[in-house]
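J.: requesting a structural model of the entry that follows:
(chains A, B, C and D)
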Number of protein chains: 2
Amino acid sequence: MAEAGTETPRERYRAQVRTEIKEHAWGQVATAGASALSLNAIAKQMGMSGPALYRYFANRDELITALITDAYRSLADAFRTAAVTGADVAALAHALRAWALDDPQRYLLIYGTPVPGYHAPDDVTLVASEIMTILLDACAALPPGRPATPFDAYLEDHRQWASDHPASAAALHRGLICWTRLHGILSLELAGHFTGMGFDPARLFAAELDDLTAP
Amino acid sequence: MAEAGTETPRERYRAQVRTEIKEHAWGQVATAGASALSLNAIAKQMGMSGPALYRYFANRDELITALITDAYRSLADAFRTAAVTGADVAALAHALRAWALDDPQRYLLIYGTPVPGYHAPDDVTLVASEIMTILLDACAALPPGRPATPFDAYLEDHRQWASDHPASAAALHRGLICWTRLHGILSLELAGHFTGMGFDPARLFAAELDDLTAP
DNA sequence: AAGGTTCGTGATAGGTTCTAACTAAATCTC
DNA sequence: GAGATTTAGTTAGAACCTATCACGAACCTT
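T.: Below you'll find the model as predicted:
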C-alpha cells in the first residue's frame, strides 16, 4: 500500500500482525457487531495474551477506527471497479447493494449508529469524498430533462461539500438523493426491518433505482 | 395503562421504580448511546447497589427492550396526535422529524444498527404496524395521478405486510418509499454524515417530502 | 559481540454483567 | 394482632472487559 520496498523486517512483521488482528476483528464484527468487539478475545484467538495487542492498537477505539477506514477504502474500491466501464448510476447502486449485503456489519459500521463521542479522522473523510465524487460523476452523466426544483437553486449556493465538482446543481441534487434513498432502503433491510413483511427488498431497491435514473 | 384501580401498593411501587430506572436509562442513552448503558451506573445514580436492579429487569437486554418498546409507543403517540387533524403525509413527516431530532438516540434505538442477536417482541411489532397503518392512511388520502409502476403490480401480490389495509397498491408503494426515503435522510443526519457539508438537512428533507406528496 | 529498541508476558487496577446467599421489611393469612 | 410468606435490597463473588505498568526475552543495528 505504501513503499513496500523500504520496509524493514520489523515493520513488515508489525504490519502483518496488525492485519491479522484486523482479520480476527472483522470476524467478530461480522458475527456479533462492532459493539461486541473484544481485544481480549482477539488476543486469545491469536494465541497471545491481552495486553500484547496494545502494542499494535492504542485502544479499542483505534482498532475500530482502523476497521472503519478499511471499510471505506473497500467501498471506494468497489465503486471504482463498478465505474471502470463508465459512469453509470445503476452499476454503482448495484455495487453498493452487493457490497452491503456481502457484509452487513461492515456497511453498518460506516453508515449505522455512530459511537456518540467518535469523530472520523481526516483520511476517512477523504475516501468518503472520493466515493461521493464517483457518484456525482455518474449523476452528471445522466440525461437531465427533470424540471428544476427550489432545492436545486438552494444547492447552487451550497455546493462546497461537492469539493468543486463541475456537475450541475440538478446533478448534485440527484447524487444526494441517490445516497439518501438507497441508504434508506439498505439500512432498513440490513437492520431486519423488512423481514416478515413478505416483499423482496431487492424489488424495492430496483424500483427506487428506476425512479432515480428515470428522466 | 392497564387497570390502574386493581393495583396493589406493591405493584404501584414496583411500577414507579421501573419507570425511574428507565428515566435514568434514557438519560444515559441520550448522552452516550445505548451501547454505553450501564446498570451499575443507574443503580449508583438511584442510590442503591447494582444487583438491586435485577429485581426489576432480568438483564441489560430486557431494560433495552423496555426502552425500545417505550420509544415505539412514543413515536406512535406522536403520529397519532399529528394525524388527529386529518390524514396528512406532510404533517406525519414533520412529526417524525421533530420526534427524531428531539432525541436522536431514541430514533437510532429503533431504526439504527440492531444488536445482532436481538429479536423484537410481539408488542413492538404491533405498535410498529400501527405506525405503518397511520402512514398508509395518509398515503391513501393523497390524490393518485401517478403512473403505475411494475413495483405497484408486484406489491399488489405481496401486501400482507400492510395487514389488510384497504389502500391501493400505489398507496402502499408511496407509504413504503415515504418510510425509506425519510429514514434515509434522518438516519444520515442523526449519524452526523451531513455535518460539515454546508447544506441544511431540513431543506433536503422538505424537498424529498415535496417530491413524495407531489402528484 | 554490545547496546538499544521492541515484543510479549504476568500482575494489577477498575470497570462491567450477573448469580447466590442472606437480612430486613412489607404484606397476606389466619 | 401474630405468624408465615413474599419481596426488596444488601454484600460477596465469579467471570468477563479495557487499559497500564514493570520486567524479561528476542531482535536489529552498530
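J.: spell out which residues make up each domain of chain A.
T.: A:1-58, A:60-213 (automatic domain parsing).
J.: okay, the ones you listed in a markdown table with mean neighbour count, mean pLDDT and distance to residue B:10 next?
T.: C-betas here are computed from N, CA, C, even on glycine. Formatted as a markdown table, the domains of chain A follow (neighbours: other Cβ atoms under 10 Å in any protein chain shown; pLDDT from 0 to 100; distance: least, Cβ to Cβ, whole Å):
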| stretch | mean neighbour count | mean pLDDT | distance to residue B:10 |
| --- | --- | --- | --- |
| domain A:1-58 | 14 | 90 | 36 |
| domain A:60-213 | 18 | 96 | 37 |
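J.: wait, which of those domains is closest to DNA strand C?
T.: domain A:1-58 (3.3 Å; Cβ to the nearest atom of the strand).
J.: is any residue of the closest one near DNA strand D?
T.: Yes. Applying Cβ under 7 Å from any atom of the strand, one finds domain A:1-58 touching DNA strand D at A:8-10, A:37-41, A:50-51, A:54, A:58.
J.: coming back round to it: would JSON lines of the domains of chain A with distance to chain B be doable?
T.: Formatted as JSON lines, these follow (distance: least, Cβ to the nearest Cβ, whole Å):
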{"stretch": "domain A:1-58", "distance to chain B": "4"}
{"stretch": "domain A:60-213", "distance to chain B": "3"}
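J.: still on that earlier bit, quick check, nearest of the residues of domain A:1-58 next to DNA strand D to residue B:127?
T.: Ranked by distance to residue B:127 (Cβ to Cβ), these are led by residue A:37 at 31.5 Å.
J.: distance of that closest one relative to residue A:60?
T.: The gap separating residue A:37 from residue A:60 is 7 Å, by Cβ to Cβ, to the nearest Å.
J.: before we move on, what about residue A:122?
T.: Taking Cβ to Cβ, one finds residue A:122 at 21 Å from residue A:60.
J.: what do you get for residue A:150?
T.: 45 Å.
J.: same thing with residue A:34?
T.: Relative to residue A:60, and taking Cβ to Cβ, residue A:34 is found at 10 Å.
J.: which bits of chain A sit near DNA strand C?
T.: A:10, A:13-14, A:17, A:43, A:47-52, A:55-56.
J.: if we use 10 Å, what do you get?
T.: A:8, A:10-11, A:13-18, A:20-21, A:40, A:43-44, A:46-56 (Cβ under 10 Å from any atom of the strand).
J.: related to what we said a few turns ago, overlap in contacts of residue A:34 and residue A:60?
T.: Shared contacts of residue A:34 and residue A:60 (Cβ atoms under 8 Å, 6 or more residues apart in numbering or on different chains): none.
J.: show me what contacts the residue lying closest to residue A:86 once chain neighbours are set aside?
T.: Distance criterion Cβ to Cβ, 6 or more residues apart in numbering or on different chains; nearest residue to residue A:86, sequence neighbours excluded, is residue A:141 at 7.7 Å. Neighbour list for residue A:141: A:86-89 [criterion: Cβ under 8 Å, 6+ apart].
J.: ok, now residue A:188?
T.: By Cβ under 8 Å, 6+ apart, the neighbours of residue A:188 are A:194, B:111, B:179-180, B:183.
J.: do the same with residue A:100
T.: Neighbour list for residue A:100: A:106-107, A:186, A:190 [criterion: Cβ under 8 Å, 6+ apart].
J.: farthest-separated two in those residues?
T.: Spatial extent of the contacts of residue A:100 (Cβ to Cβ) is set by the pair A:106 and A:186 at 12.0 Å.
J.: surely residue A:79 and residue A:134 touch.
T.: Yes. In terms of Cβ atoms under 8 Å, residue A:79 counts as a neighbour of residue A:134; the distance is 4.7 Å.
J.: can you list residues touching both of these two?
T.: Common neighbours of residue A:79 and residue A:134 (Cβ under 8 Å, 6+ apart) are residue A:92.
J.: for residue A:97, which non-adjacent residue is closest in space?
T.: Going by Cβ to Cβ, 6+ apart, residue A:97 has residue A:205 as its nearest residue, at 6.0 Å.
J.: and that neighbour, what are its phi and psi?
T.: phi -60, psi -50 (degrees, to the nearest 10).
J.: wait, it touches residue A:181, no?
T.: No. Counting by Cβ under 8 Å, residue A:205 stays clear of residue A:181, with 9.4 Å between them.
J.: residue A:19: which element?
T.: If you go by DSSP states H and E, residue A:19 is part of helix A:9-32.
J.: outside of that helix itself, list whatever touches it.
T.: Contacts of helix A:9-32 from elsewhere in the structure, counted by Cβ under 8 Å, 6+ apart, are A:7, A:36-38, A:41-42, A:45-46, A:53, A:56-57, A:63, A:66-67, A:70, A:103, A:105-106, A:109, B:116-117.
J.: immediately after that helix, which helix or strand?
T.: helix A:39-45.
J.: what segments of chain A are helices?
T.: A:9-32, A:39-45, A:60-82, A:89-102, A:104-111, A:122-140, A:150-156, A:169-190, A:201-213 (DSSP state H).
J.: output these as JSON lines; include the columns distance to residue B:169.
T.: Output for the helices of chain A, formatted as JSON lines (distance: least, Cβ to Cβ, whole Å):
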{"stretch": "helix A:9-32", "distance to residue B:169": "37"}
{"stretch": "helix A:39-45", "distance to residue B:169": "49"}
{"stretch": "helix A:60-82", "distance to residue B:169": "32"}
{"stretch": "helix A:89-102", "distance to residue B:169": "24"}
{"stretch": "helix A:104-111", "distance to residue B:169": "29"}
{"stretch": "helix A:122-140", "distance to residue B:169": "29"}
{"stretch": "helix A:150-156", "distance to residue B:169": "29"}
{"stretch": "helix A:169-190", "distance to residue B:169": "18"}
{"stretch": "helix A:201-213", "distance to residue B:169": "12"}
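J.: which residues of chain A lie near DNA strand D?
T.: So far as Cβ under 10 Å from any atom of the strand goes, chain A lies against DNA strand D at A:7-13, A:25, A:28, A:36-44, A:49-55, A:57-64.
J.: run the last query once more with 6 Å
T.: Residues of chain A found near DNA strand D (Cβ under 6 Å from any atom of the strand) are A:8-10, A:38-41, A:50-51, A:54, A:59-60.
J.: quick check: residue A:41 vs residue B:202, distance?
T.: From residue A:41 to residue B:202 the distance is 43 Å (Cβ to Cβ).
J.: and for residue A:76?
T.: Using Cβ to Cβ, residue A:76 is found at 29 Å from residue B:202.
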